[in-house]
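Q: 3D model of this:
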Amino acid sequence: MTMTKPFVMGIDIGGTNTVFGIVDARGHVVASDSIKTRKHTNFEDYIKELHEGAERLIKLNDAEGKIQGIGIGAPNANYFTGEILNPPNLPWGKVIPLAETVSKAFGGIPVAITNDANAAALGEMTYGAARGLKDFIMITLGTGVGSGIVVNGQLVYGHDGFAGELGHVIMKRNNGRVCGCGRTGCLEAYCSATGVARTAREFLEIRTEPSLLRNIALEDITSKDVYDAAMAGDMIAKEVFEYTGKILGEAIADMICFSSPQAIVLFGGLAKSGDLLLRPLQESLEANIFPAFKGKTQVILSELKESDAAVLGASALGWEAKYRYEAPTVPVVTENA
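A: Next up is the predicted model:
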């Protein structure tokens, strides 16, 4: 296969995996690959493996010299500064010069970054379930809980680039779980994949009923184990999803009060749990929503493959990085990224 047109690279840095892909101007992911994020405690080692993997993908797809820009979605990534600041699920320090380091590793290719959930929202708005929607909130349910807020067709960044951290609204004011961000009671500590596993461990420790999950060492239980057990009819596992859906429904009821979105789009591994999560979520949402908003906001699932939404969204930033680099005197309108 021969490529003659320019391309960009979209990179999605998650707490567990990093997915990267070559994307053409029509939004097609030509090829993609991934590396393990979590295994790298050293940022330089991580960048080295990312660069090697990306260069291998570029060579295999005859895209050498054709990558015009790189867009990256990452936890706590700041669009304005190009840095990751105090990421709760990455062990590389408090201030990580991501855009500068990646650009240098790739020979000066221009790089733009944003929050990983913002990147997913961009992808969903352009290619997925949020096509045609001008007001929606993307909730990513992965290792953590992220969000991308779109109002009047524009991503909300705030004055400092960090708006939209709905995963860190506090759901439990008293005796809440410690979150990776250092606070207690955050939504992320309950409704992420890791939060589901924590709930399962807590339930198993305080209850005595038999459970398929008791065949797994407590510290090894994952959200996938809980899902599999629930699908097999395990009552404790089912109650874990009831508990998780209830909290997420309460949180979404509050989010709707904030921006009156047309839809809440759920994305990520946990969103694939189907009715195990969605039924208690919808019941909780209906029980807690402000009356003026009843029946006005849909809760829908992402229509993109799990890797594609964030990669495609990040790739949109890659095109912007290219044009910003070529015309640095032209102001960049952040919200149209």
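Q: buried ones in stretch 29-38?
A: Using 16 or more other C-beta atoms under 10 Å as the test for burial, stretch 29-38 gives 29, 31-32, 34-35, 37. For the C-beta atoms, the positions are set from N, CA and C on the backbone; glycine is no exception.
Q: Could you dump those residues into JSON lines and include distance to Lys272 and secondary structure?
A: Formatted as JSON lines, these follow (distance: C-beta to C-beta, whole Å; DSSP: H, G, I helix; E, B strand; the rest coil):
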{"residue": "Val29", "distance to Lys272": "19", "secondary structure": "strand"}
{"residue": "Ala31", "distance to Lys272": "24", "secondary structure": "strand"}
{"residue": "Ser32", "distance to Lys272": "19", "secondary structure": "strand"}
{"residue": "Ser34", "distance to Lys272": "18", "secondary structure": "strand"}
{"residue": "Ile35", "distance to Lys272": "22", "secondary structure": "strand"}
{"residue": "Thr37", "distance to Lys272": "20", "secondary structure": "coil"}
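Q: tell me the helices in the chain, going along the chain?
A: Ranges of helices within the chain are 43-60, 98-105, 116-127, 188-191, 193-206, 223-231, 235-259, 275-288, 306-326, based on DSSP state H.
Q: so how many other residues sit close to Asp225?
A: Close neighbours of Asp225, defined as other C-beta atoms under 10 Å, add up to 18.
Q: unless I'm mixing things up, it is touching Ile216, no?
A: Yes. Here Asp225 reaches Ile216: they are 5.8 Å apart, a contact under C-beta atoms under 8 Å.
Q: about what we covered before: now that we have the buried residues of stretch 29-38, can you turn them into a markdown table and tack on distance to Leu60?
A: A markdown table is the format used below for these (distance: C-beta to C-beta, whole Å):
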| residue | distance to Leu60 |
| --- | --- |
| Val29 | 14 |
| Ala31 | 7 |
| Ser32 | 11 |
| Ser34 | 15 |
| Ile35 | 15 |
| Thr37 | 22 |
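Q: circling back to that earlier point, nearest to Gln68, out of the helices of the chain?
A: Nearest to Gln68 among the helices of the chain is helix 306-326 (4.3 Å), distances taken as C-beta to C-beta.
Q: quick one, that closest one and helix 116-127 angle?
A: 90 degrees (axes from the mean of the first three to the mean of the last three C-alpha atoms, to 10 degrees).
Q: May I have helix 306-326 exported as CSV, CA atoms only?
A: Only the C-alpha atoms of helix 306-326 are listed here, as CSV (Å, rounded to 0.1, in the frame of the first residue of the first chain):
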residue,chain,number,x,y,z
GLU,A,306,-12.7,2.0,22.2
SER,A,307,-9.4,3.0,20.7
ASP,A,308,-10.7,5.0,17.8
ALA,A,309,-12.6,7.8,19.6
ALA,A,310,-9.6,9.1,21.5
VAL,A,311,-7.2,8.5,18.6
LEU,A,312,-9.4,10.3,16.1
GLY,A,313,-10.0,13.2,18.5
ALA,A,314,-6.3,13.5,19.2
SER,A,315,-5.6,13.4,15.4
ALA,A,316,-7.8,16.5,15.0
LEU,A,317,-5.3,18.2,17.3
GLY,A,318,-2.5,16.9,15.1
TRP,A,319,-3.9,18.8,12.1
GLU,A,320,-4.2,21.9,14.2
ALA,A,321,-0.6,21.5,15.4
LYS,A,322,0.6,21.4,11.8
TYR,A,323,-1.3,24.6,10.9
ARG,A,324,-0.2,26.4,14.1
TYR,A,325,3.4,25.5,13.4
GLU,A,326,3.2,26.7,9.8
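Q: Average pLDDT for that helix, rounded please.
A: Averaged across helix 306-326, the pLDDT comes to 78.
Q: for that helix, packing partners?
A: Packing partners of helix 306-326 (3 or more C-beta pairs under 8 Å, 6 or more residues apart in numbering; DSSP states H and E): strand 7-13, strand 17-23, strand 29-36, strand 67-74, strand 111-115, helix 116-127.
Q: 6 Å instead?
A: Here helix 306-326 touches strand 7-13, strand 17-23, strand 67-74, strand 111-115, helix 116-127, going by 3 or more C-beta pairs under 6 Å, 6 or more residues apart in numbering; DSSP states H and E.
Q: Worst mean pLDDT among these?
A: Here the helices and strands packed on helix 306-326 differ in mean pLDDT, and the lowest is helix 116-127 at a mean of 85.
Q: So what's the gap between it and the chain middle?
A: In terms of C-alpha atoms, centre = their mean, to the nearest Å, the centre of helix 116-127 is found 9 Å from the chain centre.
Q: Just the angle for that helix relative to strand 111-115, thanks.
A: Going by the same axes, to 10 degrees, helix 116-127 makes 100 degrees with strand 111-115.
Q: And the pLDDT for the nearest residue to Cys191 once chain neighbours are set aside?
A: Distances taken as C-beta to C-beta, 6 or more residues apart in numbering put Leu248 closest to Cys191, at 4.6 Å, once the chain neighbours are dropped. Looking at Leu248, its pLDDT is 98.
Q: swap in Ala337?
A: If you check Ala337, the pLDDT there is 39.
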